[in-house]
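> Could you work out the structure for the sequence below:
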Amino acid sequence: MKVQTKITLLLVLVVATFLAGLFAFRAYDRLKFRRIADERFAERNRSFDNFLTKHGEKLETLALYDSASDQMVRAIATNDLQWFRDNIARARLESFGANAAWIYGPDGVPAYQVNNLSSENLPPLPIPREGFARVFEHKEFAHFFTAVPQGVMEIRAAIVHPAKDFKRVLPPSGFFFVGRLWSRPALDEMSMFTGNTVKLMPPVPSARENYNDEYGLLAFSQPLYSWDGKPIAQLVVRNQSPVIGELRRSSERLLLSLILFALILFLLLMTSLVRWVRRPLRQIMASLTQNDPKPIERLARDRGEFGELARTVQKFFDQRDNLLREMEERRSTEEALRHSEEELRHSQKMEAVGRLAGGIAHDFNNLLTAIIGYAELINACEWNDAVVRQHADLIRKAGEQAATLTRQLLAFSRKQLLQPRVIDLNHLVVDMENLLRRVIGERFRLQTRAEAETGTVMADPSQIEQVILNLGVNARDAMPSGGDLIIRTANVHLDKWRAPQISVSLAAGDYVELSVTDTGIGMDEATKSRIFEPFFTTKGPGKGTGLGLATVYGIVRQSGGGICVDSHPGMGSTFRIYLPLDRSPAERAQAELPPVEKSQNYETVLVVEDEEIVRELVCDVLSEQGYYVLCAPDGHVALQLAGDFDGQIHLMITDVIMPHMNGPELATRLAVTRPEMKVLYVSGYSDNDIGNHGVLESQIDLLQKPFTPQTLARKIRDVLQKRHHAQTTSV
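Alright, predicted model coming up:
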C-alpha cells in the first residue's frame, strides 16, 4: 500500500470519528437542554406573572376605586387642594402599598401630587399633555413603568369619572396615577416568592429573553415598558438548576472521553507519519541541505515513492547546481548590461543638455538681461510715443520667451538654482485654479481636489507652479475635443518596494502625491518610454518644443521627488508626482510689492560685471534710482576701486561667473576689509558655484538673470533694508 493511501485512510478515520462523536454529543446535549429549558421557561413565566398580579392588586384597587369618585371630579374642577390633602394622603398610600400619586386635570395640567418617599421634589410624570390620549387610547386603565430619581416605579392609572359613569361613557374628568417603587426590598420579596434571583438592569437593545449558560444557570429577562412603549429597564431573573448542573457534568465527561479517544488516534497517526513520512523526508532534506547524497543512499534502495524521489535527487543533484549557477550568471550579466546601458544613455543625455544649457544660460542670459532691461527703460520714458512703447513692449516679451526656453533647459538638466521653502500643496493647487482655467479654456471641466490631510513640502513654489502649468497644458493638448482635468493632492506612504519603482532615488517614507488626470487620447508604451526625453514631442511642427514634460521631470527630481505616468490609448493619462512630506509649518507667500521709489539715502553700490552691456545697464538703473555707483569689469578692478574709495560701500553687486576671479571669491576677499558691506550675486547659471547642489542657502542673496530694472531695484532695496534691520537689532 502506498504512503499516500495510508495517510489518507488515517485522516479519514480520525475526521469521521471525531465528527461523529461531536455531532452525537451536541445533538444529545441540545435535546436535553431544550426540553428542560422550555419547561423551566413556562414555569417561570407563570410564577412571575402570578407574582406581578398579586404584587399589583392593592395598587390597581387604589387607582380604580379613587378614580370613580364624584368628590374627586369636583375637587379637580374647583382645584380643591385641601380635599386632595385630606383624602389622598400619605397614610392612604401606605395602606395600599403605594409610594406616590399624581392627579391631572382633563386638559393634562397637574392638579396634585404626593409621595411618601421623603422627597419634596418628586418630578411630575414624564408624560406630555398630548400623551394622555395615547396612554388611555381604547382603554380606561393603564399599567406602565417610569423612572424617578429613586429608581424604577410601577404605575397604575385610571380615568377620573363620576361614580354613576361606571362605563366611562362621558369625557374624562381627569387622570389619576398611583405608583409603587421597585426598591431593593420589593425585589427581594419578588425573589422569595418566585424562588429566583431578580435584578433590575438598564435596557439593552438585544436582550435574550430565555437562555442557559454552561454553569447550569437558567435565566430569562423581561423588559419594563414606559407609557410610550419604550423599555426603561430590564428585569433579569436567574435560577440555579441542579439538573442543568448534572447535565453539564455529564457533557463534560462525554467530551473528555471524546478527547481521550481523539488523542489515541492522534498518537497512532503521529507514529505512522514519523515512520512512513517524516523519517524519509528528513533524510532527503538533510541531503539537500548538506549538498551531500550520502544521507539518501539507503533510502534510494526502497521501492516506495520516497525511494523513487531519492533516486531522482541523486540523478539530478549535480545538474541542478550547475544549471542554477549558469542561470544566475546569465541573469546578473544581462541585468548589469541593461542597467549600465540605461544609466549611460541617460547620463550622456543629461551631460549633453547640461553643457548646452550651461553655455547658453551664462552668455545668452546676459544678452537677455540687456534686451529686457533696455526695452523696459525705453517703455518707461515719458517722451516716447505709443508706437515706440508698443515696439519696446514686443521686444521685452520676446526676451522673456527666450528666457523661458533657457529656464526649461536648466530645469531638465537640473542645473537651475532653486530657492525652496516650506509650502502647502493644497493651497498652491487651489490658488492656481483660476490661472489654469484661463490657460486651458472653457471647453474643459477643471476640478481641484485638495484631499491631502497634510500637504506641506520643501520646494521652490515658482517651480512647482511651473510643473502644474506644464502638466495642465499637456493635458489640454491631449483632449482636442474637450474633457475633464482633475488635479488632486493626497498623503501616501511608499514602502521599500514601491519607492524604487517610481525613482531609484526615492526612499521609503511619507510623501505628498500631486496627481494630474485627463480624459484625453492616452499614450502607448513606446510614447510613455520617451515622454521625459528633451525635445521629444508627438505634436506637429510649431506646436511644441518637447521641453514641457522634460522640464517637469527635471524640477521634480531636483526637488527630491519622483514622477510616474499611468496611461493607455483612448483611456486618458494620470501623472503622479511624489514629494517628501515636510511637517514644518508652511511659510507665507510674499505679497506683490508696489514700484520701488528712488533712494533718498545716496548709498554707494559697487557693480562688478564682466559683460559690458549688462554692466552699463545695471549702472544706469542704479544711477537713476539715486545710488552712487562704482563700476568694475572684473574682480581685480573691483579690489582696486574698493581700496581707493574712502567712503562706505553699502552693497556690492557681482556676477557669479567671471574670468580670473569669480563672485564668491571676490566677496570673500573684500569681507576682510569691508565686513559691513552686503553682497548681491547675479547669475544666469550657477552650476553649484554658489548653491549647494543647486539649492540656494538662506543667507545668500541672489538675483537670477535675466531681470528687469524694477526687479533689480526692488532686490537692492530688500538687501539694504535687511542690513539696516540687522544693525538696528544689534544696537
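> what bits of the stretch 551-700 of the chain have low per-residue confidence?
For the stretch 551-700 of the chain, the stretches flagged by pLDDT under 70 are 588-597, 599-600, 685-699.
> Please, where are all the strands along it?
562-567, 573-580, 604-608, 628-632, 651-655, 678-683 (DSSP state E, counting those that start in this stretch).
> Relative to the fourth one, what are the paired strands and their orientations?
Taking DSSP bridges as the criterion, strand 628-632 sits next to strand 604-608 (parallel) in its sheet.
> can you check the last one too?
Strand 678-683 has the following strand partners under DSSP bridges: strand 651-655 (parallel), strand 702-704 (parallel).
> re earlier: dump the strands of the stretch 551-700 of the chain to CSV, plus distance to Ala16.
Glycine gets a C-beta too; all of them are placed from N, C-alpha and C. Conversion of the strands of the stretch 551-700 of the chain to CSV gives the following (distance: least, CB to CB, whole Å):
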stretch, distance to Ala16
strand 562-567, 54
strand 573-580, 57
strand 604-608, 98
strand 628-632, 103
strand 651-655, 93
strand 678-683, 87
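> Name all residues that make contact with Asp655.
In this structure, Asp655 makes contact with Val608, Glu609, Asp610, Glu611, Val614, Gly663, Tyr681, Val682, Ser683, judged by CB atoms under 8 Å, 6 or more residues apart in numbering.
> quick one, phi psi at the fourth one?
With angles defined as degrees, to the nearest 10, Glu611 shows backbone torsions of phi -90, psi 120.
> Which one of the strands paired with strand 678-683 lies nearest to Val148?
Val148 lies closest to strand 702-704 among the strands paired with strand 678-683, at 79.9 Å (CB to CB).
> before we move on, back to that, tell me which of the strands paired with strand 678-683 sits most buried.
strand 651-655 (a mean of 25; mean count of other CB atoms under 10 Å).
> so how far is it off the chain centroid?
Centroid separation between strand 651-655 and its chain, computed with CA atoms, centre = their mean, to the nearest Å, is 49 Å.
> Using PDB, write out every CA atom in it.
Taking Å, rounded to 0.1, in the frame of the first residue of the first chain, the C-alpha atoms of strand 651-655 are listed here in PDB:
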ATOM      1  CA  LEU A 651      26.400  97.000  -1.300                       C
ATOM      2  CA  MET A 652      28.400  95.000  -3.900                       C
ATOM      3  CA  ILE A 653      26.600  93.600  -6.900                       C
ATOM      4  CA  THR A 654      28.700  90.900  -8.600                       C
ATOM      5  CA  ASP A 655      28.300  88.300 -11.200                       C
END
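> Identify, from the contacts of Asp655, the entry nearest to Gln113.
Using CB to CB, Tyr681 comes nearest to Gln113 of these, at 90.7 Å.
> now the strands paired with strand 678-683 in TSV, with distance to Leu64?
Listed next are the strands paired with strand 678-683 as TSV, based on distance: least, CB to CB, whole Å:
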stretch	distance to Leu64
strand 651-655	106
strand 702-704	99
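> out of the contacts of Asp655, who's nearest Pro203?
Nearest to Pro203 out of the contacts of Asp655 is Tyr681 (CB to CB; 77.9 Å).
> quick one: the closest one and Asn662, what's the gap?
Going from Tyr681 to Asn662 by CB to CB, to the nearest Å gives 10 Å.
> before we move on, the earlier item: looking at the strands paired with strand 678-683, which is closest to Lys54?
Closest to Lys54 of those is strand 702-704 (CB to CB; 98.3 Å).
> residues near Leu394, how many?
With neighbours defined by other CB atoms under 10 Å, the count for Leu394 comes to 11.
> Which of the three states applies to it?
When classified by DSSP: H, G, I helix; E, B strand; the rest coil, Leu394 comes out as helix.
> change the start of the numbering to 36 and stick with it
Renumbered: residue one is now 36, and that last one reads Leu429.
> Which strand residues bridge Ser550?
With DSSP bridges applied, Ser550 shows beta-bridge pairing to Arg523, Arg611.
> how about stretch 343-361: buried residues?
Leu344, Ala345, Val348 (16 or more other CB atoms under 10 Å).
> Same question for stretch 552-569.
Neighbour-count burial for stretch 552-569 flags Thr552, Asp553, Thr554, Gly555, Ile556, Gly557, Met558, Lys563, Ile566, Phe567, Glu568, Pro569 (criterion: 16+ other CB under 10 Å).
> Taking the residues you listed together, which two end up most distant?
Thr554 and Pro569 (27.5 Å).
> and Gln482, how many neighbours?
Neighbours of Gln482 (other CB under 10 Å): 11.
> now swap in Pro604 and tell me
Pro604: 11 surrounding residues under other CB under 10 Å.
> Next, the contact list for it, please.
Pro604 makes contacts with Ile556, Gly557, Met558, Asp559, as judged by CB under 8 Å, 6+ apart.
> Is it possible to get a markdown table of the residues you listed that adds secondary structure?
Output for these, formatted as a markdown table (three-state DSSP):
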| residue | secondary structure |
| --- | --- |
| Ile556 | coil |
| Gly557 | coil |
| Met558 | coil |
| Asp559 | coil |
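> Redo those as CSV? Include distance to Leu412.
Formatted as CSV, the contacts of Pro604 follow (distance: CB to CB, whole Å):
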residue, distance to Leu412
Ile556, 47
Gly557, 49
Met558, 46
Asp559, 51
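> For Glu477, what are phi and psi?
Phi and psi for Glu477, reported as degrees, to the nearest 10, are phi -80, psi -10.
> and of the strands of the stretch 586-735 of the chain, who's closest to Leu222?
Closest approach to Leu222 among those (CB to CB): strand 608-615, 66.2 Å.
> Show me what that closest one is packed against.
For strand 608-615, the packing partners by 3 or more CB pairs under 8 Å, 6 or more residues apart in numbering; DSSP states H and E come out as strand 491-494, helix 496-512, strand 544-553, helix 583-593, strand 597-602.
> contacts for the second one?
Under the contact criterion CB under 8 Å, 6+ apart, helix 496-512 has outside partners 446, 451, 453, 456, 458, 460, 463-464, 467, 470-471, 474-476, 479, 520, 522, 549, 551-553, 555, 574, 578-579, 583-584, 586-587, 590-591, 594, 608, 610, 612, 624.
> what residues are up against the nearest residue to Asn151 once chain neighbours are set aside?
Sequence neighbours aside, Arg125 is the residue nearest to Asn151 in space, at 4.3 Å (criterion: CB to CB, 6 or more residues apart in numbering). Arg125 makes contacts with Val149, Asn150, Asn151, as judged by CB under 8 Å, 6+ apart.
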